[in-house]
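Chemist: the following block contains a protein sequence and its predicted model.
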Amino acid sequence: MEDLNGQGSSPALAGVPFGQKWDLLKPTIERLYIEESLKLSEVIKILKDRHHFDASESQYKYQIKKWNLKKSTPTSKKAALYSLVQKRAELGKSSALVRGGHDVDKKNLRRYLKTEARRPIILEPSSVGTAEYLEFLSARIAQFGNRVFMNWTMPFGTLKSSTSTVTDHVSPISDIIVTTPQSPSAAPSPTAIAVKNLTVIERTRLFAQGRHLHLLTHMDKQQALTLSTWMYQFWFFCFKTAKHWGRGPHDWTADLLNFNKFIQQNLISYSSPAAPGQDANIPTSGSSPIGFYMPDSMNRTAIQEPSQLCRWSIHYKPPKYESIPSPPLQSETFDLDDETNWPAWSDSQDSDEYVGKLSKNLETNDFSTIGAKDLPIATNQVVKAANRSPDELHLEALGFAIMSGNLELLEAQLENIHINNIDVSGLHPFHLAITYLNGAKECCNVFDSLDKSFSVHKGFVNDLGHTLLDQSMITILKSHTSCLPSLVDPAFKKEKGFEAENIDICGRWDADSDCVRRLMADGITSIPFEWKHVFCHTSAQAICHCIWMIFGLDGNPYINRLSGLFVRRCSECGLKLELFPLHTLVLIPFHLAQSGCKGETLFGVLACLLCLMRYGANPLLKANISVQALFGNEDTETCSHEELDPIQLTAKLPVGVAAAWSPELNIGWQVFCNVLRHSRARLKVKSSFDGAESVGADGNDVFDAFVNYTEDNMDINNDEAQEIYDNHAIRYCNGHDQGYFGHSEILAALWAAVQVELLTYRRLRVGDSWISEKFDMKALNDGLIGRRSLVIPFTEERLMKPICSCGEFDDDFTGCYRLEDAVTEPFSNLDDWHRSNYIECSAYW
């Protein structure tokens, strides 16, 4: 029907019944109401004046609804339209919007786009536990909560290749068709410009929400490479600034950060980040920890491997003295390649200055080799978001202070946190401190600073259900084995490397080391296994100090709580199979033996076992365990779990694997098992409690006040026990009468000897023994099984100071000892000044 657009009365309507006139007038009404966007009252007046068609407003509304004529687009449809047009624009396609055969007026859509672009952005990381989180965030991040800046520790990757096409279709808006214009203009339309602007803003919003993987998967590969490299550069700037805060350069620029030295040019081009496609040198197979494709490690350039020799820290109690100002510097210049000669900053730093430094560099972009205009996000909006979200920036600053191990900066950030009353629970600072533990730098002092500010109780379990002790076990496996993260928790099934592999626990490398930066530049995110070495003394000492910090202080958590590692579920009955601390620990030496480094002795795990039992870990507790499920061989048709205590678990582990172990590993495993056996033989539950095996899930019903058996129940005969007693002058000090180690003088002396070994010996040269000659594991094992008299040279030669029944050297202190606290005469090989770091002892001294 032609549009009745004459100026006078339309003869075509003469004699037509009223109800049939609507169809004749529909084209006219549609043109006036939809295309010319006149008000309904105006349409009614025109139809009445020109065509003598007199109908009420309600009649018009009924017909408009019947014809499905829609003048405006609902907000939900505008959002869907934007999404569709934006995806087409990414493929280089222009878009035309058609409704009912007519082009849609895009003014409303542009108004919507501009309104959305003006919505303020704040730093508000997505909460852990949401479905979106599980799909788009790495499980590694869940250990410390989702953050905007501090979680992106890798420089770049390439997204999994995917092909997709956008065709003309109706979805997701049922009445609007999106098509390609017949003759698209060369110049971008106002709508195309508005779509592009909002796309940048929406990407920035995803970035500010910490939804980095979601963001990167919605960009082309070149954009993803550019953004992820920029994110890593900012992470590295924050880490480097935190690490050296108070010394050296005040401002770390891109030139000082030396990024140009560590760029692999065939992977990323900063000049045209929006160019589609993928570089021919980027492979299309091999998955990285977070869903990226990485370059083949065989193609990496020659990298200078780090030394196999540890560094270490030595705790000392500072003498009292009156400080005097240092003389002024003769020159403001210094050698950037020699950190030992970097001067301390002469001006005092405000506690908020580090946060200001981060905010300023986001604004200036001085830290990066990538220009702000080349980024697929709006950095000016990131700066505004940071200014609107000071609490989140303070949390990020606290995280970087923990990761860098800079105590001075950490104390300043803790002051900021308390002044501003910021909740840190989502950061899981204690888990973060253990993950980035560096026994050659500040050892347990970072944990100690946090312990003085926050409750270990409240921060004991993270969002993955991992306890602080679990995090310590993860740190051991990360540092000294080739195990994949999925071994400890299926949540890590997509991860190919542990968090913080770029920080070595015994100080041989960190994220600032050239060898690590070269790995990152070559797209390799996991530390090569050949760089790692055995569970050494520096690592064992740092882990034991953390165990003391977690459980050894008054009011700290109960130790016999269920672990969040190696959790399985019976496929037949559905029972959740969870381990207690010593069960979890049993699996650590097994995996060190199976997947650990050449030369492993398991001394470090022996130290952890004695330390845990010292603080109350109960070897009598039984847990429901399926060994088949632990090792992926469960029979799905029958329940395979049974109640086992830790020593029973050792006997259930896969038979025959020990035949391939070295003699040192076999001896270490036997010592570990025999110490557990000896401990179990010396302990019994209270007569009023009907078996330690009926334990509640929270562990609160478990008794852990042990009483001693008679000497007839010991593996060691009475004469040997008396001789050890005489040599150590073992006593029962105040507060230790609950019977640590089951009142076993053997285990008390062994724990003391382990601490002396950690205080006095390190491997100084490649080829040296990992354990000193004064701690003979074979002789120890022979003594534990009664093959010969038990001999501990430290006690035989009376080199140890007297100890109490809990294996400690002092009535009032346990934990981190100095050499002079533990030995009768100074003997140690830790006096290599180039590898030693002297740190002030904790306030608990």
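Modeler: Sure, I can see it. Residues are numbered from 1 along each chain as shown.
Chemist: please, where are all the helices along the stretch 151-300 of the chain?
Modeler: Secondary structure of the stretch 151-300 of the chain by DSSP state H, counting those that start in this stretch: the helices cover 190-208, 212-217, 221-243, 254-257.
Chemist: out of the ones you listed, which is closest to S563?
Modeler: helix 212-217 (28.4 Å; CB to CB). Where C-beta positions appear, they are placed from N, C-alpha and C, glycine not excepted.
Chemist: point out the other helices and strands that that closest one packs with.
Modeler: Using 3 or more CB pairs under 8 Å, 6 or more residues apart in numbering; DSSP states H and E, the elements in contact with helix 212-217 are helix 131-136, helix 190-208, helix 221-243.
Chemist: from V16, how far off is K26?
Modeler: In this view, K26 and V16 are 13 Å apart by CB to CB, to the nearest Å.
Chemist: which of the two has more residues huddled nearby?
Modeler: Comparing K26 with V16 by other CB atoms under 10 Å, the one with more neighbours is K26, at 17 against 14.
Chemist: circling back to that earlier point, highest mean neighbour count out of the helices of the stretch 151-300 of the chain?
Modeler: Ranked by mean neighbour count under mean count of other CB atoms under 10 Å, these are led by helix 221-243, which reaches a mean of 23.
Chemist: my read: S836 touches I314, true?
Modeler: Yes: S836 lies in contact with I314 (CB atoms under 8 Å); the separation is 5.6 Å.
Chemist: any chance you could map the helices in the stretch 1-150 of the chain?
Modeler: Counting by DSSP H, counting those that start in this stretch, the helices of the stretch 1-150 of the chain are 18-30, 40-51, 57-67, 75-90, 107-118, 131-136.
Chemist: who touches the residue nearest to F367 when sequence neighbours are not counted in this structure?
Modeler: The shortest distance from F367 to any non-neighbouring residue, by CB to CB, 6 or more residues apart in numbering, is to F237 (3.8 Å). Neighbouring residues of F237 by CB atoms under 8 Å, 6 or more residues apart in numbering: W252, L257, N361, F367, S368.
Chemist: name the nearest of those residues relative to S425.
Modeler: Once CB to CB is applied, the member of the contacts of F237 that ends up nearest S425 is N361, at 27.8 Å.
Chemist: in terms of mean pLDDT, which of the helices of the stretch 1-150 of the chain ranks lowest?
Modeler: Ranked by mean pLDDT, the helices of the stretch 1-150 of the chain end with helix 131-136 at the bottom, a mean of 46.
Chemist: in this structure, which helix or strand is least confident?
Modeler: strand 707-708 (a mean of 28; mean pLDDT, DSSP states H and E).
Chemist: state the number of residues packed around K384.
Modeler: 18.
Chemist: skipping its backbone neighbours, what lies nearest it in space?
Modeler: K384's closest residue in space is I121 (CB to CB, 6+ apart), at 6.8 Å.
Chemist: N445 touches L407, doesn't it?
Modeler: Yes: look at N445 against L407 with CB under 8 Å: they come within range, at 5.9 Å.
Chemist: the more surrounded of the two?
Modeler: N445 (23 against 18).
Chemist: pLDDT below threshold where in the stretch 601-750 of the chain?
Modeler: 634-636, 655, 684-740 (pLDDT under 70).
Chemist: could you do the stretch 101-250 of the chain as well?
Modeler: 101-109, 112, 127-142, 155-188.
Chemist: residue ranges for the helices of the stretch 401-550 of the chain, please.
Modeler: Under DSSP H, counting those that start in this stretch, the stretch 401-550 of the chain gives helices at 407-419, 429-435, 445-453, 468-480, 514-521, 537-551.
Chemist: quick one: closest of those to Y558.
Modeler: helix 537-551 (8.3 Å).
Chemist: just for the stretch 351-500 of the chain, where's the confidence low?
Modeler: Counting by pLDDT under 70, the stretch 351-500 of the chain shows low-confidence ranges at 351.
Chemist: how about the strands in it?
Modeler: With DSSP state E, counting those that start in this stretch, there are no strands along the stretch 351-500 of the chain.
Chemist: pretty sure H250 contacts A344?
Modeler: No: applying CB under 8 Å, one finds H250 not in contact with A344, separated by 11.7 Å.
Chemist: neighbour count for these two, which is higher?
Modeler: Comparing H250 with A344 by other CB under 10 Å, the one with more neighbours is H250, at 14 against 10.
Chemist: how about the contacts made by T584?
Modeler: L469, D470, M473, S563, L565, F566.
Chemist: give me that answer again for 10 Å
Modeler: The contact partners of T584, taken as CB atoms under 10 Å, 6 or more residues apart in numbering, are 467, 469-470, 473, 488, 562-566, 578, 612, 623, 646, 649.
Chemist: same question for R763.
Modeler: Contacts of R763 by CB under 10 Å, 6+ apart are 308-310, 533-534, 536-538, 599, 769-772, 829.
Chemist: please identify the helix or strand for it.
Modeler: Assessed by DSSP states H and E, R763 sits outside every helix and strand.
Chemist: distance of it from C443?
Modeler: For R763, the distance to C443 - CB to CB - is 18 Å.
Chemist: burial check on the residue nearest to R680 when sequence neighbours are not counted, number of neighbours?
Modeler: Sequence neighbours aside, P619 is the residue nearest to R680 in space, at 4.8 Å (criterion: CB to CB, 6+ apart). Neighbour count of P619, defined by other CB under 10 Å: 26.
Chemist: test my guess that P619 contacts D645.
Modeler: Yes: using CB atoms under 10 Å, P619 is in contact with D645, at 6.6 Å.
Chemist: so which of the helices of the stretch 151-300 of the chain comes closest to I417?
Modeler: helix 221-243 (15.0 Å).
Chemist: just the CA trace of the closest one, in CSV.
Modeler: Extracted C-alpha coordinates of helix 221-243, given in CSV (Å, rounded to 0.1, in the frame of the first residue of the first chain):
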residue,chain,number,x,y,z
LYS,A,221,46.2,-11.6,19.5
GLN,A,222,48.3,-8.5,18.9
GLN,A,223,46.2,-6.5,21.3
ALA,A,224,46.5,-9.2,23.9
LEU,A,225,50.2,-9.4,23.5
THR,A,226,50.5,-5.6,23.8
LEU,A,227,48.3,-5.4,26.9
SER,A,228,49.8,-8.4,28.7
THR,A,229,53.3,-7.1,28.2
TRP,A,230,52.3,-3.7,29.5
MET,A,231,50.7,-5.3,32.5
TYR,A,232,53.9,-7.3,33.2
GLN,A,233,56.0,-4.2,32.8
PHE,A,234,53.9,-2.4,35.4
TRP,A,235,54.1,-5.5,37.7
PHE,A,236,57.9,-5.5,37.3
PHE,A,237,58.1,-1.8,38.0
CYS,A,238,56.1,-2.2,41.2
PHE,A,239,58.2,-5.2,42.3
LYS,A,240,61.5,-3.5,41.5
THR,A,241,60.4,-0.2,43.2
ALA,A,242,59.3,-2.2,46.3
LYS,A,243,62.4,-4.4,46.4
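Chemist: quick one: it to helix 514-521, angle?
Modeler: Put simply, helix 221-243 runs at 160 degrees to helix 514-521, going by axes from the mean of the first three to the mean of the last three CA atoms, to 10 degrees.
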